[in-house]
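Trainee: coordinates only, sequence not included:
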C-alpha cells in the first residue's frame, strides 16, 4: 500500500495571524463568514472518494454495439481539451474489454437473427 493511502482524511486547518489592524466588524466577517465559506468551498472542491486498489481511467469508446457495450476504442485516450489535452499512458487505462460479435450485436441475451438462436 502506498504511504499516502493509509493517511486518514482531515479537515482543512486555518491558523490565524495578527488581526489587530482590523475593526471588530471586519474580524467578525473574516472569522465567521469569509473564512468558513472559503474553507467549505475548498473542502467540497478537493473532496475525493477513497479507492481500494489501483484507479484507472476509462478507455475512450469510439463506437458501441446495440446493447451499449463498447465495440471499438480510440487508439489513445486523452484528458483535457484544446491546448491542455494530455494523452493518458496505456498503463493508467482500465482493461480493454471487448466482446464477441455474436454476444454484443444483440440487445437481448439470446440472438434470434438468421440462425443465431
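Mentor: Perfect, thanks for sending it. Because the structure is predicted, anything quoted here is derived from the model rather than measured.

Trainee: Over to the closest residue to residue 11 other than its chain neighbours. Which of the three states is it?
Mentor: Nearest residue to residue 11 in three dimensions, chain neighbours excluded: residue 43, at 7.0 Å (C-beta to C-beta, 6 or more residues apart in numbering). (Each C-beta comes from the backbone N, C-alpha and C, glycine too.) Counting by DSSP: H, G, I helix; E, B strand; the rest coil, the backbone at residue 43 sits in helix.

Trainee: Make sure residue 43 is actually in contact with residue 36.
Mentor: No. When contacts are counted by C-beta atoms under 8 Å, residue 43 is not listed as touching residue 36 (10.2 Å).

Trainee: show me what contacts the closest residue to residue 77 other than its chain neighbours?
Mentor: Spatial nearest neighbour of residue 77, chain neighbours left out: residue 60 (4.3 Å); criterion: C-beta to C-beta, 6+ apart. The neighbours of residue 60, taking C-beta atoms under 8 Å, 6 or more residues apart in numbering as the test, are 73-74, 76-78.

Trainee: Shouldn't residue 72 be within a strand?
Mentor: Yes. Counting by three-state DSSP, residue 72 is part of a strand.

Trainee: Tell me where the protein is predicted with low confidence.
Mentor: 1-10, 96-117 (pLDDT under 70).

Trainee: Show me it divided up by domain.
Mentor: Split into domains by automatic domain parsing, the chain comes to 1-50, 61-104.

Trainee: possible to save those domains as a markdown table with mean neighbour count?
Mentor: As requested, the domains of the chain are exported to a markdown table (neighbours: other C-beta atoms under 10 Å):
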| stretch | mean neighbour count |
| --- | --- |
| domain 1-50 | 9 |
| domain 61-104 | 11 |
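
Trainee: Tell me how far stretch 42-58 lies from the chain's centre.
Mentor: Here stretch 42-58 is found 6 Å from its chain centre; the criterion is C-alpha atoms, centre = their mean, to the nearest Å.

Trainee: Likewise for stretch 21-30?
Mentor: The answer for stretch 21-30 is 39 Å, by C-alpha atoms, centre = their mean.
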